[in-house]
Each structure stands twice: as structure tokens, then as C-alpha cells.
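# The following block contains a protein sequence and its predicted model.
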Amino acid sequence: MHSVPLNAFPDHSPHVPLRTADVADAAVHSPISRQALHLAVGDRLRRMITEGVLPPGAHLNERALCEQLGVSRTPLREALKSLAVERLIELLPNRGARVVTLSSADIADAFELLSGLEALAGELACERITQAEIDEIQALHATMHVCHAHGDLPGYFECNRRIHERINAAARNPSLVHMYQSVNRRLQALRFRSNLHAGKWERAMAEHDAMLQALQTRDGVTLGRLLRSHLMAKCDVVLAHLRAAA
């Protein structure tokens with residue numbers, strides 16, 4: 001099965017107004033502090049991959065990235081090694097590195113696994129979550145609504161990511177969290193892009209409303225079902241875009 005780059009998504013679909021470019025500029029052009037430098041570089045590169053600043057198949061120019069991030073090659077290379085372990089990039093012998101391109105089969109398999117992990121996390125979270133954790137998720141949900149209303153996709157996606165991570169953390173199962181993070185990192189860019197169509201973004205927001213209600217009532221069966229269907233709906237959107245682009 002042929003791989004299709006993410007930046008081949010159609011550009012002619014109706015889109016909501018976004019502030020992606022402004023946020024991307026702020027995210028990639030400010031210098032990184034020296035504390036835990038390679039970790040900070042890794043976080044920055046992950047965000048650049050997620051938001052399409054570094055699209056699938058893009059070759060990574062070490063000199064350009066060092067200048068852009070304000071770091072030397074040592075922390076950059078340490079960060080690249082970490083991203084290679086996470087399978088976000090490929091290290092090419094004598095040719096540097098490039099962002100991984102996932103095939104349709106890779107995407108379908110990863111979403112199927114992730115949806116199962118999220119469903120289990122939702123069920124366990126409803127049994128083990130504290131009211132303080134629910135309040136925190138509710139606050140993130142409210143901020144996500146504001147971002148949605150203003151067409152701020154990066155801000156929305158950051159709140160979305162934190163909500164899903166909080167639900168997983170509330171499951172109180174470190175092995176589950178570790179596996180979830182490993183799989184989810186490979187799909188972040190695709191999950192980000194799945195909301196670019198206005199109708200799909202509206203649907204995702206409504207699904208999150210239902211998830212919050214299930215969490216508040218500690219209805220694990222319903223939350224697990226909603227999380228699974230939410231992830232598989234995103235998978236369908238991503239694969240449909242890839243087929244259209246191909």
C-alpha cells in the first residue's frame with residue numbers, strides 16, 4: 001500500500017478561520033532555554049511535526065534547525081534520537097533525518113489500537129477519578145470551547161490533548177498510560193489535521209461535550225464507547241482525506 005504525505009490533504013474543502021500560522025511562528029522562532037535542553041528541543045520538534053511545520057517526508061536540516069531553535073547540534077541530535085525511538089522521524093545513514101510518513105494501513109492499525117486504549121482508560125477513569133481531576137478537565141473543556149469559537153485550532157488541540165491525557169492519568173494504570181503515549185505521538189499530526197474541515201471540527205466538539213457529561217456522572221461504559229467512536233471517527237476522516245488526495 002502506498003504512503004501518502006499528510007500535506008496532500010485537499011485545500012479546497014471549506015475551512016474555519018484559523019490562527020495556525022501565528023501560533024506556529026511563535027512556537028518555532030523563539031529561543032529555547034538551556035534547562036533540560038534536549039528535552040525542550042524534542043518537545044518543540046514534536047509540536048512542529050504535529051502542526052505541519054515539519055510535514056511527513058520532510059528532510060531535517062540540522063544547521064537550519066539549530067539556527068531556528070537557537071541551540072547547538074549536540075542537544076538537537078539527542079532530541080532527534082529520542083524522536084527516532086518514538087518513530088516520529090527516521091535516521092538515514094549519511095543522509096540525516098526525515099519525518100516519518102505513515103501508510104494508510106499504519107494509520108488504521110494505530111487508530112484501532114489507540115481507540116481501544118482510550119476506551120479502557122475512560123472506563124477505569126470513571127471508577128478512579130477524583131472530583132478535583134474532573135474539575136480540571138471541565139476547565140480545560142471550557143477553554144477548548146473558547147478556542148473553537150475563535151477558530152484557534154492550535155489552542156483547541158492543546159486543550160484537547162490535555163483532556164485526553166488527564167483521562168488516561170485518572171485510570172491509574174502506568175502501563176496503559178505508557179502505551180497510550182507511545183501510540184498517540186505517532187498520530188498527533190493526523191489528529192490535528194482531522195479538525196481542519198469546519199463540519200468535522202463541530203462534530204468533535206459535540207463529542208467532547210458528551211464525554212464530559214459521561215465523566216461527570218462516572219458512566220464508564222458510556223465514556224468508553226464515546227472515546228472509541230470518537231477516535232475511529234477521526235480515523236475515518238483521515239483515511240478519507242488520504243484517499244481523496246491519492
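Structure received.
# is it true that residue 97 lies in a strand?
Yes. Applying DSSP: H, G, I helix; E, B strand; the rest coil, one finds residue 97 inside a strand.
# from what I can see it touches residue 84, true?
Yes. Between residue 97 and residue 84 there is a contact under CB atoms under 8 Å: 7.2 Å. (Each C-beta comes from the backbone N, C-alpha and C, glycine too.)
# hey, what's in contact with both of these two?
90-91 (CB atoms under 8 Å, 6 or more residues apart in numbering).
# neighbour-wise, which of those two wins?
residue 97 (21 against 14; other CB atoms under 10 Å).
# Skipping adjacent residues, who's closest to the residue minimising distance to the centre of the chain in space?
In the chain, the residue lying closest to the centroid (CA atoms, centre = their mean) is residue 188, at 2.5 Å. Leaving aside its sequence neighbours, residue 188 sits nearest to residue 50 (CB to CB, 6 or more residues apart in numbering; 4.3 Å).
# ok, the one you found touching residue 190?
No. At 9.2 Å, residue 50 does not count as touching residue 190 under the criterion of CB under 8 Å.
# Distance of residue 100 relative to residue 75?
In this view, residue 100 and residue 75 are 21 Å apart by CB to CB, to the nearest Å.
# Ignore what I typed, I meant residue 107.
The value you get for residue 107 to residue 75, if CB to CB is used, is 31 Å.
# Averaging pLDDT per element, find the lowest-scoring helix or strand in this structure.
helix 20-29 (a mean of 48; mean pLDDT, DSSP states H and E).
# Can you name every helix or strand that the strand or helix carrying residue 186 contacts?
Assessed by DSSP states H and E, residue 186 sits inside helix 174-193. In terms of contacts (3 or more CB pairs under 8 Å, 6 or more residues apart in numbering; DSSP states H and E), helix 174-193 is packed against helix 37-50, helix 104-128, helix 153-170, helix 220-245.
# 6 Å instead?
Using 3 or more CB pairs under 6 Å, 6 or more residues apart in numbering; DSSP states H and E, the elements in contact with helix 174-193 are helix 37-50, helix 104-128, helix 153-170.
# Just want the angle from that helix to helix 104-128.
Angle of helix 174-193 versus helix 104-128, following axes from the mean of the first three to the mean of the last three CA atoms, to 10 degrees, is 130 degrees.
# Could you list the buried residues of the next helix or strand after helix 174-193?
Under the assignment DSSP H and E, the closest C-terminal helix or strand after helix 174-193 is helix 198-216. Neighbour counts using 16 or more other CB atoms under 10 Å place 200-201, 203-205, 207-208, 211-212, 214-216 of helix 198-216 among the buried residues.
# That'll do, ta.
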